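In: with the input below, show me the fold.
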Amino acid sequence: MEKETKRLIESRPAPDSTSAPLFHDSSQSPTAKRLQYAFVGIVVIMVLISIGLSIYRGAVTGVNNGLYFMLGISLIGFVVIEIFLIRFIRNEDLPKEKSWFLYFVGACVILEAIFTNVLLFDEN
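Out: So this is what the prediction gives:
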């Protein structure tokens, strides 16, 4: 028994220094993962502000109520696309190397949120 255990221990390869750590995804470092969470958090905050303002503006003004609500709903449509992208990357249906597209769509959502806020409070 001891001889067999000793043989198994000796035949086991030495740990490789290039192997990925066990505590995080091999394709992302902890810093990259934190930056991704921060970016998604910023997108969520911008979208919530814009949707809240569109509901407020639609409820307060009597003119073009539907237009203000539609601005918020169109923003939700882009967020759904962003959520699908996150799920595709997490389920590995989309390669991790294509995660730049997640940031591109997120930047487009942020721009649309800014433009929505500008249109919501245009006085003309």
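In: just the element for the residue most central in space within the chain, please.
Out: What sits nearest the mean C-alpha location of the chain, by Cα atoms, centre = their mean, is Val40, with 4.1 Å. Val40 belongs to helix 30-60 when assigned by DSSP states H and E.
In: now for that helix, which elements pack on it?
Out: Helix 30-60 sits against helix 65-90, helix 100-120, with contacts defined as 3 or more Cβ pairs under 8 Å, 6 or more residues apart in numbering; DSSP states H and E. Yep, even glycine has a C-beta here, placed from its N, CA and C like the rest.
In: can you list the buried residues in it?
Out: Gln36, Val40, Val43, Met46, Val47, Ser50, Ile51, Leu53, Ser54, Arg57, Gly58 (16 or more other Cβ atoms under 10 Å).
In: check the closest residue to the fourth one other than its chain neighbours and give its pLDDT.
Out: It stands for Met46. Closest residue to Met46 apart from its sequence neighbours, by Cβ to Cβ, 6 or more residues apart in numbering: Ala113 at 4.1 Å. Model confidence at Ala113, given as pLDDT, is 91.
In: Ile73 and Ile51, how far apart?
Out: 9 Å (Cβ to Cβ, to the nearest Å).
In: then Ala32?
Out: 29 Å.
In: for Ser99, same thing?
Out: 26 Å.
In: just Arg90 next, same as before
Out: Arg90 is 24 Å from Ile51, by Cβ to Cβ.
In: equivalent analysis for Pro95, please.
Out: 32 Å.
In: Asp93: neighbouring residues, count only.
Out: By other Cβ atoms under 10 Å, the residues close to Asp93 number 9.
In: returning to what we had before: pick out the shakiest of the helices and strands packed on helix 30-60, pLDDT-wise.
Out: helix 65-90 (a mean of 85).
In: wait, Glu112 touches Val79, no?
Out: No. Here Glu112 does not reach Val79: they are 9.7 Å apart, not a contact under Cβ atoms under 8 Å.
In: ok, Phe115 - contacts?
Out: With Cβ atoms under 8 Å, 6 or more residues apart in numbering as the criterion, no residue contacts Phe115.
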